[in-house]
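Colleague: let me see the structure of the following:
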Amino acid sequence: MKLKTGLFLFVSALILTSTVIAQDAQTIVKNHNEAMGGLKKWENIKTFVLEGTMSVMGLDMPLKMSYIRDKGMRQDFSVMGSECYVILTANAGWKFIPPQGDTAPVAMSSDEMKGTGNDLSFENKLMTSFRRNAKFELQGRENVNGVSCHKLKVTNPDNKVYTCYVDPTTWYLLKTSETANVQGQDMEVETVYSKHTRQPSGIVVALEADSGEGGKLTYTKVSVNTIEGDAILKP
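Modeller: You can find the predicted model right below:
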């Protein structure tokens, strides 16, 4: 009986510990969502536009990211004096990049679509995963630019896994780490977020996203609910 009681207490302790960790992870995510303005404010946004610069391999290119909730997104950028774009919807994608030889919009292959991640959400990874009922696991702390961040393993319903690092004071997302397919190769990609700025609409947006060799995005303008119709999603 003593052995059985000991085993019962051991198993109970494990279950209790796992439950507490899960609750702590959920609390961190909810605190983050509130710090970003709250999910309700984000839900009121039907279209979302970011304008700024994309810096890759020493080149600075004007960039405009336009999203229509639940429909798709469009990325407009300029390369070597040529106006280019990429359009993504849930089921299709097109690209027009003249420096690569395009003379007309080209339908993207399934592999190309997969390579983009085809994530049409303009909310950050943590908020998007929360809405998708992802599994969150607290994995302790890790330093990000001098901040001892909460380290969260995130597993989405489609089994995509990545790691989020959350500031325990501001509750902002400071870094993400994930395995991404880049030109047919699986690579570990880290992105550091900074310059979190509250907008007139009440939401908070990270105005810089730095992926190292993968490039840096710097936004100077944020617009909400300014797009009429869905013409931007047509090539």
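Colleague: those helices in this structure, which residues are they?
Modeller: With DSSP state H, the ranges of helices along the chain come out as 2-35, 39-43, 110-116, 125-131.
Colleague: and the shortest one, what's buried?
Modeller: Neighbour counts using 16 or more other C-beta atoms under 10 Å place Trp42 of helix 39-43 among the buried residues. C-beta coordinates here come from the backbone N, C-alpha and C atoms, glycine included.
Colleague: and that helix, how far from the chain's centre?
Modeller: With C-alpha atoms, centre = their mean, to the nearest Å as the basis, helix 39-43 stands 16 Å off its chain's centre.
Colleague: show me what it is packed against.
Modeller: helix 125-131 (3 or more C-beta pairs under 8 Å, 6 or more residues apart in numbering; DSSP states H and E).
Colleague: flag every buried residue along the helix it packs on.
Modeller: For helix 125-131, burial by neighbour count (16+ other C-beta under 10 Å) applies to Lys125, Leu126, Met127, Thr128, Ser129, Phe130.
Colleague: burial of Pro235, as a residue count?
Modeller: By other C-beta atoms under 10 Å, 15 other residues sit near Pro235.
Colleague: and it, how far from Asp102?
Modeller: 11 Å (C-beta to C-beta, to the nearest Å).
Colleague: which neighbours do those two share?
Modeller: Common contact partners of Pro235 and Asp102 (C-beta atoms under 8 Å, 6 or more residues apart in numbering): Phe96.
Colleague: okay, how far is it across stretch 167-176, tip to tip?
Modeller: End-to-end distance for stretch 167-176: 12 Å, by C-alpha to C-alpha, to the nearest Å.
Colleague: that one: which residues count as buried?
Modeller: For stretch 167-176, by 16+ other C-beta under 10 Å, it's Asp167, Trp171, Tyr172, Leu173, Leu174, Lys175, Thr176.
Colleague: which residue is the nearest non-sequential neighbour of Asn203?
Modeller: Asn isn't right for residue 203; it's Ile. Once flanking residues are discounted, Ile203 sits nearest to Gly37: 3.7 Å by C-beta to C-beta, 6 or more residues apart in numbering.
Colleague: tell me, how many residues neighbour that neighbour?
Modeller: 18.
Colleague: I figured it hits Val204, correct?
Modeller: Yes: between Gly37 and Val204 a contact is recorded at 5.4 Å, counting by C-beta atoms under 8 Å.
Colleague: dump the buried residues of stretch 167-176 to JSON lines, plus pLDDT and distance to Ala25.
Modeller: Converted to JSON lines, these look like this (pLDDT from 0 to 100; distance: C-beta to C-beta, whole Å):
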{"residue": "Asp167", "pLDDT": "97", "distance to Ala25": "15"}
{"residue": "Trp171", "pLDDT": "97", "distance to Ala25": "13"}
{"residue": "Tyr172", "pLDDT": "98", "distance to Ala25": "17"}
{"residue": "Leu173", "pLDDT": "98", "distance to Ala25": "14"}
{"residue": "Leu174", "pLDDT": "98", "distance to Ala25": "16"}
{"residue": "Lys175", "pLDDT": "98", "distance to Ala25": "17"}
{"residue": "Thr176", "pLDDT": "97", "distance to Ala25": "15"}
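Colleague: so how far is Lys64 from the closest residue to Pro62 other than its chain neighbours?
Modeller: Take Pro62 and drop its neighbours on the chain: the residue closest to it by C-beta to C-beta, 6+ apart is Ser78, 4.9 Å away. Counting by C-beta to C-beta, the gap from Ser78 to Lys64 is 10 Å.
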